[in-house]
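# Here's my sequence, what's the structure:
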Amino acid sequence: MPLDRPSIQPFPIHKGRYDVRPGMRAFGRAALGMEAEEGHFRLDRTTPSYLRQKLSLRRAYPGSALQVADGADEEALAEVVWGTLEALADEEPAWAAWTQQAVDFPALGLRYTRSGAGLVIRSIGGGRLEELGAHIAEHCGRAVGASRWLEALACVVPCDLAVMASSVQGDTQADRCEALHVCFPSSWAPRLKVGRDFAQIHEPVANNEAILKGHANLVRAMCFMGPFVRYAWGLHRHEGLDSHPDHHPERVDMSAWSPDEVAAKTWLRVERQTTKPFPDWGRGLFTIRTYIEPLIEVARDPSKAAAIASAIRSMNQASLRYKGMLDRRDALLAYLEG
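All right, here's what the predicted structure looks like:
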């Protein structure tokens with residue numbers, strides 16, 4: 001069972017530099033200092049905890065994670081979800097069993113059935129996680145339309161999701177983020193990204209020139225090519241997966257803290273991001289699988305500590321400000337290099 005696998009946090013800081021670049025690798029291809037990889041979802045023993053946290057956050061902040069753009073093509077979104085569930089079953093057959101009309105999740109005791117343009121969600125019991133499956137069925141059953149499809153997918157995978165839309169005719173003005181289900185954002189609010197194009201979404205990112213220059217090609221690659229994988233990382237001030245700016249108190253100034261104190265309140269957050277194309281629908285699915293590990297644990301490996309320190313030293317002022325590192329830079333370097 002995938003739920004018996006250990007959770008292993010990736011370490012993508014292979015060059016000892018902080019770069020803002022697309023960094024996309026095709027599945028099955030080694031590049032950018034990283035080994036070849038396959039698969040979108042990365043299920044492991046932490047998956048039940050991730051799903052429970054998603055449900056908890058959806059109850060606590062019902063208007064936060066799920067966002068659907070005005071005028072979204074609900075038929076296209078439904079096909080993206082159903083095709084993704086098929087991919088999930090191919091990747092994790094012990095977790096999901098897909099047919100043309102239904103998907104079963106044996107461990108959750110859960111069944112999704114297509115009914116015309118709709119989706120029927122039922123708890124059928126019998127799995128080792130049947131109580132969680134019943135909660136998922138209850139939660140998703142309250143949603144309607146495209147929201148039900150997106151909830152149904154997001155509640156059975158540990159990753160967050162976004163759907164990008166691209167014009168089949170190549171009109172980049174039609175490119176936009178059509179839907180989001182992001183329970184674990186990295187210091188940004190999903191409501192500010194939905195309906196926007198790729199350049200607008202990444203406009204706040206410091207030193208974003210390389211990304212913005214090729215944004216039209218990136219969206220087309222997501223929707224018509226691939227699948228691809230890339231990584232992003234940051235040093236966060238809390239151990240939670242959810243880093244929505246509205247859900248957490250104002251940042252504490254750490255400029256007077258000692259290196260040990262700063263390190264004890266810092267976590268390495270790594271996001272494994274993948275893209276899955278749906279060219280017939282001019283859509284691309286973007287997944288974000290988040291990992292969190294205490295910096296003091298990561299730094300027990302001298303080579304990792306050195307790589308993180310080198311990456312911090314490579315950041316300019318704009319990057320340090322964007323990453324929330326201005327008040328911690330010197331203390332973190334002292335800890336990592338000491």
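# Going by C-alpha atoms from here, please, whenever you check contacts or count neighbours.
Will do.
# Show me what the top helix by length along the chain is packed against.
Ranked by number of residues, the top helix in the chain under DSSP state H is helix 74-91. Here helix 74-91 touches strand 97-98, helix 145-154, strand 283-294, going by 3 or more C-alpha pairs under 8 Å, 6 or more residues apart in numbering; DSSP states H and E.
# so what's the most centrally placed residue in the chain up against?
Central residue of the chain (C-alpha atoms, centre = their mean): Ile288, 1.6 Å from the mean position. For Ile288, the contacting residues are Cys159, Asp160, Leu161, Glu271, Arg272, Gln273, Thr274, taking C-alpha atoms under 8 Å, 6 or more residues apart in numbering as the criterion.
# give me the number of residues near the last one?
Pointing back at Thr274 there. Residues lying near Thr274 (other C-alpha atoms under 10 Å) number 27.
# Name all residues that make contact with it.
Taking C-alpha under 8 Å, 6+ apart as the definition of contact, the neighbours of Thr274 are His40, Pro227, Phe228, Val229, Arg230, Phe286, Thr287, Ile288.
# 7 Å instead, please
Under the criterion of C-alpha atoms under 7 Å, 6 or more residues apart in numbering, the contact list for Thr274 reads His40, Phe228, Val229, Arg230, Phe286, Thr287, Ile288.
# so is it in a helix, a strand, or just coil?
Secondary structure of Thr274, reduced to three states by DSSP: H, G, I helix; E, B strand; the rest coil: strand.
# Any idea what it is bridged to?
When bridges are assigned using DSSP bridges, the partners listed for Thr274 are Val229, Thr287.
# And it, how close does it get to Glu337?
When distance is defined by C-alpha to C-alpha, to the nearest Å, Thr274 is 33 Å away from Glu337.
# For Trp233, which non-adjacent residue is closest in space?
Distances taken as C-alpha to C-alpha, 6 or more residues apart in numbering put Val270 closest to Trp233, at 4.4 Å, once the chain neighbours are dropped.
# thinking again about what came up before, so which of the helices and strands packed on helix 74-91 is nearest Arg128?
If you check each of the helices and strands packed on helix 74-91 against Arg128 by C-alpha to C-alpha, strand 97-98 wins as the nearest, at 16.1 Å.
# That closest one - contacts with which helices or strands?
Packing partners of strand 97-98 (3 or more C-alpha pairs under 7 Å, 6 or more residues apart in numbering; DSSP states H and E): helix 74-91, strand 102-105.
# quick one: strands adjacent to the shortest one?
Here the strand partners of strand 102-105, with direction, are listed using DSSP bridges: strand 97-98 (antiparallel), strand 110-115 (antiparallel).
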